[in-house]
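Participant: Build the 3D model from these lines:
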Amino acid sequence: MAKIVPFKAVRPARDKVSIVTSRSYDEYSPAELASQLDYNPFSFLHVLNPAYVNLQKISTDTRLKAVNLKYNEFKESEVLKTEKQPIFFLYEIQSKGNSYTGIIAGTSIEDYRNNVIKKHEDTLSYRVDYFKEYLSKTGFNTEPVLITYPEKKEITEWIVKKKKEHPLYLFSSLNKDRHILWRIKDSEEIAWVQEQFEAIDSLYIADGHHRSASANMLHEQESGTGNENLNYFMSFLIAETDLKIYEYNRIIRDLNKVTKEQFINALSNDFTIENKHQELWKPKNKFSFGMYLDGEFYALHLKETNFSSSYEALDAKILYDKVLRPMLGIIDLRNDERIEYIPGSKPITDIKKMVDEGKFEVGFMLCPPTINDIKELADNNLIMPPKSTYIEPKFRSGLVIYEL
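Facilitator: Numbers count the residues shown, from 1 in each chain. Prediction:
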């Protein structure tokens, strides 16, 4: 039984929403970031990155306090406004030909601990610690955890009906995405939505494992303070049929001191290899891998496909076990500087270009996991290898803010 709650959100003034909200801070190149901060005084990036010119010269504690000050400045000048009562939101993102619609709500720390909210990724302790400090010192979060649930007819029909109403916001962002936000403030409607989720046995984290772990850690640290908001964290709840799951492709800087011929010959022990020459080939089926090496694309088809568990049968795990670790000497997928990751939402010509320019020697393209792969692992308390999934939609910073 999943528990969701409305919350008293902070959001941009209606006339400024298109210029306040931003993509995730990490998605901006240095030049894009400088442009936004130099020419748009209303951008939420000013909150996320105050005094950006001196960012490397100040301590983390000083920076987080500056974030809090800038955030309150935005509230005092009414760039940001606080809702009068706890509510839900319905949010639609139209991006690159895809449409995603979900509910923005508070989800329960207790459900997270009791595995009603299930996980499929491991977390890094330093990142969890940092974001816990971020939440504690800034007092807010604007990046919800992306949570998916099994499609439910009643919720789907309600969403279709709700989207016919006049929205609070309707705007386009500079990357040509379209954003629509509706408020759900009627108490009976809120109670109905809560009842629908109470009938759902399990929710699944699609993206935001570090954020949810940080909220849990903060709750442990500050429980007993009487702050009810600490009992929940903001989530964007979307039906599993609406998720777009991409793979993370791998690019490697060298062949670990072997020649191309030796490498391909070693691959032939476990894979059937097809030379695709200049065809931009990408796998469409499990147990197949694309490879770009020395100006040519190859299709690698795994010969033996019987595995003892769903975890061992993951393509990312297979590539690691058969190629990356034994042949290329890459042990630590998170920290080895010889490997980098390209989300499957990017064209494979990006991989080709990086290899052709000599920055990397070989690239591997994978088939994305399915939602059933993710759920099966989560249901069995198993963890995917690092960088196994890149999941859309991505939430817009500064659109809806959860205060602690």
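Participant: now stretch 155-172: how far from the chain's centre is it?
Facilitator: The chain centre lies 23 Å from the centre of stretch 155-172; the measure is C-alpha atoms, centre = their mean, to the nearest Å.
Participant: residues in contact with residue 235?
Facilitator: By C-beta atoms under 8 Å, 6 or more residues apart in numbering, the contact list for residue 235 reads 4, 104, 105, 106, 107, 144, 145, 146, 147, 208. (Each C-beta comes from the backbone N, C-alpha and C, glycine too.)
Participant: now those residues in CSV, with neighbour count?
Facilitator: Shown next, in CSV, are those (neighbours: other C-beta atoms under 10 Å):
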residue, neighbour count
4, 26
104, 24
105, 27
106, 22
107, 27
144, 26
145, 25
146, 23
147, 25
208, 23
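Participant: what packs against the helix or strand bottoming out on mean pLDDT in the chain?
Facilitator: None of the helices or strands of the chain scores lower by mean pLDDT, DSSP states H and E than helix 30-39, at a mean of 85. Contacts defined by 3 or more C-beta pairs under 8 Å, 6 or more residues apart in numbering; DSSP states H and E place helix 30-39 against helix 45-48.
Participant: got the buried residues for the helix or strand just after the helix it packs on?
Facilitator: Counting by DSSP states H and E, the next helix or strand C-terminal to helix 45-48 is helix 60-76. Judged by neighbour count using 16 or more other C-beta atoms under 10 Å, the buried positions of helix 60-76 are 63, 64, 66, 67, 68, 70, 71, 74, 75.
Participant: what's the least confident helix or strand of the chain in contact with?
Facilitator: So helix 30-39 is contacted by 22, 25, 28, 43, 45, 46, 49, 52 (C-beta under 8 Å, 6+ apart).
Participant: and those residues, which are buried?
Facilitator: Restricting the contacts of helix 30-39 to buried positions leaves 22, 28, 43, 45, 46, 49, 52, with burial counted as 16+ other C-beta under 10 Å.
Participant: Which stretches in the stretch 101-250 of the chain count as helices?
Facilitator: Assigned by DSSP state H, counting those that start in this stretch, the stretch 101-250 of the chain shows helices spanning 109-113, 125-138, 153-162, 187-198, 209-222.
Participant: what's the fourth one packed up against?
Facilitator: With contacts defined as 3+ C-beta pairs under 8 Å, 6+ apart, the packing partners of helix 187-198 are strand 4-5, helix 153-162.
Participant: winner for burial among the ones you listed?
Facilitator: Ranked by mean neighbour count, the helices and strands packed on helix 187-198 are led by strand 4-5 with a mean of 21 (mean count of other C-beta atoms under 10 Å).
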